[in-house]
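**Student:** give me a model of this one.
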Amino acid sequence: MQAIETAGLTKLYGRSRGILDIDLQVAAGEVFGFIGPNGAGKTTTIRTLLNFLFPSRGRASIFGLDCVRDSLDIRRRVGYVPGEVGFYPGMRVREFLVYAASFHSGEAVRRIGDLSARFELDLDRRLDDLSFGNRKKAALVQAFLHQPPLLILDEPTSGLDPLMQKRFFDLVREENRRGTTVFLSSHILDEVERLCDRVALVKEGRLLTVESIGRLKERTYRKVELRYPEEAQAAASILPRLPGVDAVTQENHGLRFHYRGDIRPLMQALAGEPIEDIRVEEPSLEEIVLHAYEGGGGAA
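**Tutor:** Here you go, the predicted structure:
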């Protein structure tokens, strides 16, 4: 069973675009990244999945349950952190978390102390008095309380300092090892690369691609640097003729270039070269995404 599945999912705001024809499958037990700049449609997709917004057309399901017809059953199975956190006014952190836990089993109440200590969250403070980062901590704790089979996290680390971000990453990995599916929406590509098996790139409400991070890297150029004990002449003439080679620049004792594709043909072509050193740098996820957006998605 797929944890999340959509077909032609579309949400329009009058004449304005929300999301258009989103076809997505997220496997149970997967950590899945949903990447895009602000305004790309990430939050609209999540709110439609959770039936906070009614789809204009198309369908969506979570664990085989229809996101419109079975929305109450779905919410029992989901831990959700919104990008913009809001709470009932006047409540203390402890009151809020006990209230959130009351919708689930007794184990959820017992986890309040442990999770709050992990995020150094003061249970006696009023929610209204908390900083943005501490409000995000409270939202994270409530999402993890009942150990849901699906976590939907919309920009979960915004407002967290580096130490709290690390604790969040560790907690996500722990829950995933327990079998929890994680749907992580973010524009912070470093955290997506740390956690996710596959990613979907979304731009202007449409999916550009859905790939594993490894596959995205394979299909995007690597940066290669060759160093020679003396001036490089032969390789400078060989490289432009090789498929996948681009942007060759020559230095006094070396060459730099971009290479896309299976690296074995390149190694075979260079086997007879008197190379002193070779350096191959994999592209970062940020470089991949920028390349995809600039090229309209086809190159990715």
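**Student:** give me the pLDDT value at A234.
**Tutor:** What the model reports for A234 is a pLDDT of 56.
**Student:** meant to ask about A292
**Tutor:** At A292, the model reports a pLDDT of 65.
**Student:** would F257 count as being in a strand?
**Tutor:** Yes: looking at F257 with DSSP: H, G, I helix; E, B strand; the rest coil, it is inside a strand.
**Student:** beta partners of it?
**Tutor:** Partner residues in beta bridges with F257: V224, with DSSP bridges as the criterion.
**Student:** what's near enough to touch it?
**Tutor:** When the contact criterion is C-beta atoms under 8 Å, 6 or more residues apart in numbering, the partners of F257 are 224, 239, 245-249. Heads up, the C-betas are built off the backbone N, CA and C, glycines and all.
**Student:** before we move on, what about I278?
**Tutor:** Applying C-beta under 8 Å, 6+ apart, we find I278 in contact with 224-227, 270.
**Student:** low-confidence regions, the chain specifically.
**Tutor:** For the chain, the stretches flagged by pLDDT under 70 are 219, 230-237, 283-285, 291-300.
**Student:** how is it partitioned into domains?
**Tutor:** The domain map for the chain lists 2-215, 221-282, with the assignment taken from automatic domain parsing.
**Student:** closest one to I288 among those?
**Tutor:** With C-beta to C-beta, the closest approach to I288 among these belongs to domain 2-215: 8.2 Å.
**Student:** mind listing the helices for the chain?
**Tutor:** Listed in chain order, the helices found in the chain under DSSP state H are 42-49, 71-76, 93-101, 106-118, 132-144, 162-177, 189-195, 213-218, 234-238, 264-269, 285-294.
**Student:** pick the most deeply packed of those.
**Tutor:** Of the helices of the chain, the one with the most neighbours on average (mean count of other C-beta atoms under 10 Å) is helix 42-49, at a mean of 24.
**Student:** from the contact counts, what lies against it?
**Tutor:** In this structure, helix 42-49 makes packing contacts with strand 2-13, strand 16-27, strand 31-35, strand 57-62, strand 150-154, strand 181-186, judged by 3 or more C-beta pairs under 8 Å, 6 or more residues apart in numbering; DSSP states H and E.
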